[in-house]
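Trainee: sequence unavailable; structure follows:
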C-alpha cells in the first residue's frame, strides 16, 4: 500500500487533500460562493467515550474546514440527561483536542458570547431566531452545547404549536410505538391529535413547569401517520424527564429529542454542511421539515450522509464497549485494546496515524467492513518514521563472553532513527555479561536458522560477532547461560569487521539493564466480525495481553510518554500512564510485521 505522505525530520508533511463526494459538494459550493464561509460541526452525544469511528468523522468535519477556509464546531448534543455525564464531556474534549492539535486547531468554530433571541417581523408574525451575532474564538476548544439553546428550542416548539403542526399527546410510549405502525403498515392517528391550539399551549407550558410525571405526555409533530418514512409519522419532539442535567442542572424537566435539537442547533450555530453517518439518511426529511416549518431566515443548513466506519476485529457499539469494561474483560474504556480514541492514544497510536488512516479509507455512500490491517499499516508507517530505536530483551537468556575480562566496559555508538538523521546517535553500554532473547537461541536448530546455536555465530548489533561454545543448564534441564567467545576485531572499524555472518541479534548489558514491565497487547478478537452472530464473547482473543519483565538499555530510564520507541527487532512501544520513576511500564503499540496475515495463510 503506497503512502501518500512524506517525512521530514521525523514529522509527517501535510498530505494532499483527499477527494470524495462530500468534498466535491463543498468545493462546488465554494466555487459558486453559496455561503460566506463553510461551517461544519462534530456533534457527539456525551454518553460514552469516542472511538475510532468518531475519529473518522472528526477528521472529515475538521478536515473540510481546514481545506476550504472554514470553521468547525465541537458541540455536545446533550439532550438525554439520564445517559450523559461530565466524565464523557471531558474525555471528548481531550480526545478531539489531541486528534486535531497542530493540524486543524486553527479551524475551531466560534463560541457565542451570549446570544439572545432577536425579534423579526415576517409575514405579519413575530418569529424568533438567533441569527449572526458577535462571537469569540473557540481557542481553548471550549465546546458548544445543545443544552445552551434549550430556551430557544423551546420557543421554536411553541411556534410549531401556534402554526398547528405540533400537539401534546397523552399516549404511553408503548401505545405511541403501536400507533406508529410498521414499514409495511401505515400508522394510526393519536386520539389527542386534534387538541385545540389553546389546550396544546397550556399543556406544553405545564409540562415545562413540571406538573406531570415522566412519560405522561409528549410533544409531537403533526406530519403524516401514513408516510412511508416512519420518522415522519408524528415524531416525538419533547419528552418529560425529571432528571438533573450535567450542564443545565435542574432547570429543565422536559428535554427535546435528538432530531429536534440537532437541526435547530445546526441552524443556531450557522452550520452550512451537517455531515452525518448513513443511518441518519432517513432522518433527513424530518431535519428539513422542522427547519422549513419554522420559516427561518435563509440559508438553512443541509444534511449530508456518509458510511460510518466498520472496522474488522473490532466492536464499535458504545453499549458493548461498556459491557467489556463491566464484565472485566478489559481494564477500562481507555484500555489499550479498546478502539476508543483514549485507548488508542494510551496504546501509542499517534494522531497523525489516525488522520492518515481516515484519509486512506475514504468517504463513501456504501457500508463495508474496513480491514483492520489498513489501520495497522498506517500506524506502522507513522511509527517507523518517528520512533526512537532502543534495545530491550523481553524473554532474556544470559550470555557470557568468556574472552573478555570480568570488569570489561565500553560504550558503543547506536543510531536513534535510521529514517531521520536529525534524531542523532546515542551511547549504549557493553560488558562481559549480556542478555539476548531466548528466541534468538536454539539448541537443536532447523535448516536456515540464522540465529545463535551451539557452534554457530551471530553478530551482536552495533558490536561484535560471537560464537556459542557452551550451553549451561539447571537441574531441570532449563538453559541458564550461554558461554560464548567474541571476535574482538569484528566491531565496526576492526580488522575483521567486514566478515559476514547471516544473523544479527539485539542485546542488553546485564550490568546496566533497566527492568521494565512490558505489556504485549494484541487484537481483542480472533475473527473479523466478532458480533456478526450476536455473541462477541466467544470470539475473544485470550492472548490479547501478555505481561513480561524485560531487560532494557539504560537510556529508557529517561523515556518520555510523548515519544514513541521501537524496541529493535521486536515492536513499537510507548510509556504507559501508570509508569512510575524507576518502574517504567511500556505498552506494545504494534508488532513490526503483520503476524496475523501469516497466521491466516497458515
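Mentor: Noted; the coordinates are in hand. The model shown is predicted, which means the values in this text are computed figures rather than measured ones.

Trainee: C-alpha only now, for contacts and for neighbours.
Mentor: Will do.

Trainee: now the helices for this protein?
Mentor: Here the chain has its helices, by DSSP state H, at 21-31, 52-67, 86-100, 150-162, 173-180, 197-208, 258-269, 284-292, 318-326, 341-347, 351-361, 372-386, 595-601.

Trainee: chain center to the fourth one, what's the gap?
Mentor: Think helix 150-162. Its chain's C-alpha centre and that of helix 150-162 lie 36 Å apart, by C-alpha atoms, centre = their mean, to the nearest Å.

Trainee: could you do the first one as well?
Mentor: Computed by C-alpha atoms, centre = their mean, the separation of helix 21-31 from the middle of its chain amounts to 26 Å.

Trainee: for the fifth one, same thing?
Mentor: Taking C-alpha atoms, centre = their mean, one finds the center of helix 173-180 at 37 Å from the center of the full chain.

Trainee: what's it in contact with?
Mentor: Outside helix 173-180, the residues that touch it by C-alpha atoms under 8 Å, 6 or more residues apart in numbering are 186, 187, 188, 189, 190, 215, 225, 230, 233.

Trainee: residue 463: what's it in contact with?
Mentor: Residue 463 sits next to 412, 490, 491, 492 when contact means C-alpha under 8 Å, 6+ apart.

Trainee: just the ones of the residues you listed in strands?
Mentor: Among the contacts of residue 463, the members found in strands (DSSP state E) are residue 412.

Trainee: closest one to residue 447 out of the contacts of residue 463, please.
Mentor: residue 490 (25.3 Å; C-alpha to C-alpha).

Trainee: ok, that closest one to residue 499 distance?
Mentor: 7 Å (C-alpha to C-alpha, to the nearest Å).

Trainee: could you count how many residues lie near residue 557?
Mentor: Per other C-alpha atoms under 10 Å, the neighbour tally for residue 557 reads 15.

Trainee: scratch that, residue 410
Mentor: By other C-alpha under 10 Å, 10 other residues sit near residue 410.

Trainee: could you do residue 447 as well?
Mentor: 6.

Trainee: any idea how far it lies from residue 453?
Mentor: Distance from residue 447 to residue 453, by C-alpha to C-alpha: 12 Å.

Trainee: per-residue pLDDT, the nearest residue to residue 83 once chain neighbours are set aside?
Mentor: The shortest distance from residue 83 to any non-neighbouring residue, by C-alpha to C-alpha, 6 or more residues apart in numbering, is to residue 47 (5.5 Å). On pLDDT, residue 47 comes in at 95.

Trainee: also residue 115?
Mentor: 38.

Trainee: contacting residues for residue 568?
Mentor: Here residue 568 is in contact with 389, 390, 391, 392, 506 (criterion: C-alpha under 8 Å, 6+ apart).

Trainee: where are the low-confidence patches of the stretch 1-150 of the chain?
Mentor: Applying pLDDT under 70 to the stretch 1-150 of the chain flags the ranges 1-17, 110-140.

Trainee: 90 instead, please
Mentor: Scanning the stretch 1-150 of the chain for pLDDT under 90 picks out the ranges 1-19, 105-142.

Trainee: now do the strands in it.
Mentor: 7-8, 11-12, 39-42, 71-76, 110-112, 118-122, 125-129, 135-137, 144-145 (DSSP state E, counting those that start in this stretch).

Trainee: can you give the contact residues for stretch 195-212?
Mentor: The contact list for stretch 195-212 (C-alpha under 8 Å, 6+ apart) reads 158, 161-162, 164, 167-168, 217, 219, 240, 242, 252-254.

Trainee: same check on stretch 351-365?
Mentor: If you take C-alpha under 8 Å, 6+ apart as the criterion, stretch 351-365 is touched by 12, 18-22, 55-56, 59-60, 98-100, 278, 305-307, 345, 370, 374-375, 378-379, 381-382.

Trainee: give me the buried stretch members for it, please.
Mentor: For stretch 351-365, burial by neighbour count (16 or more other C-alpha atoms under 10 Å) applies to 351, 352, 353, 354, 355, 356, 357, 358, 359, 360, 363.

Trainee: over to stretch 408-427?
Mentor: 414, 415, 416, 417, 418, 419, 420, 423.

Trainee: turn those into JSON lines, columns for distance to residue 206.
Mentor: Formatted as JSON lines, those follow (distance: C-alpha to C-alpha, whole Å):
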{"residue": "414", "distance to residue 206": "75"}
{"residue": "415", "distance to residue 206": "73"}
{"residue": "416", "distance to residue 206": "69"}
{"residue": "417", "distance to residue 206": "68"}
{"residue": "418", "distance to residue 206": "71"}
{"residue": "419", "distance to residue 206": "68"}
{"residue": "420", "distance to residue 206": "68"}
{"residue": "423", "distance to residue 206": "68"}
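
Trainee: as a markdown table, the residues you listed with pLDDT and distance to residue 580 would be great.
Mentor: As requested, these are exported to a markdown table (pLDDT from 0 to 100; distance: C-alpha to C-alpha, whole Å):
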| residue | pLDDT | distance to residue 580 |
| --- | --- | --- |
| 414 | 96 | 27 |
| 415 | 96 | 27 |
| 416 | 97 | 24 |
| 417 | 96 | 26 |
| 418 | 94 | 30 |
| 419 | 92 | 30 |
| 420 | 93 | 29 |
| 423 | 94 | 26 |
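
Trainee: and of those residues, the nearest to residue 532?
Mentor: For those, the nearest to residue 532 is residue 419 (41.1 Å; C-alpha to C-alpha).

Trainee: which residue packs closest to that closest one, ignoring adjacent ones?
Mentor: Nearest non-adjacent residue to residue 419 (C-alpha to C-alpha, 6+ apart): residue 385, at 5.7 Å.

Trainee: with residue 427 instead?
Mentor: residue 413 is the one closest to residue 427 (C-alpha to C-alpha, 6+ apart), at 5.0 Å.

Trainee: was I right to think the one you found contacts residue 429?
Mentor: No: at 9.2 Å, residue 413 does not count as touching residue 429 under the criterion of C-alpha atoms under 8 Å.

Trainee: and for the two, which residues touch both?
Mentor: Common neighbours of residue 413 and residue 429, counting by C-alpha under 8 Å, 6+ apart, are absent.

Trainee: on that earlier part again, so who does the residue nearest to residue 427 touch?
Mentor: Residue 413 touches 425, 426, 427, 428, 462, counting by C-alpha under 8 Å, 6+ apart.

Trainee: reformat those residues as CSV; add pLDDT and distance to residue 31.
Mentor: Below are the contacts of residue 413 laid out as CSV (pLDDT from 0 to 100; distance: C-alpha to C-alpha, whole Å):
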residue, pLDDT, distance to residue 31
425, 96, 50
426, 96, 53
427, 97, 57
428, 97, 58
462, 96, 58
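
Trainee: just the ones of the residues you listed in strands?
Mentor: Counting by DSSP E, the contacts of residue 413 contribute 425, 426, 427, 428 to strands.
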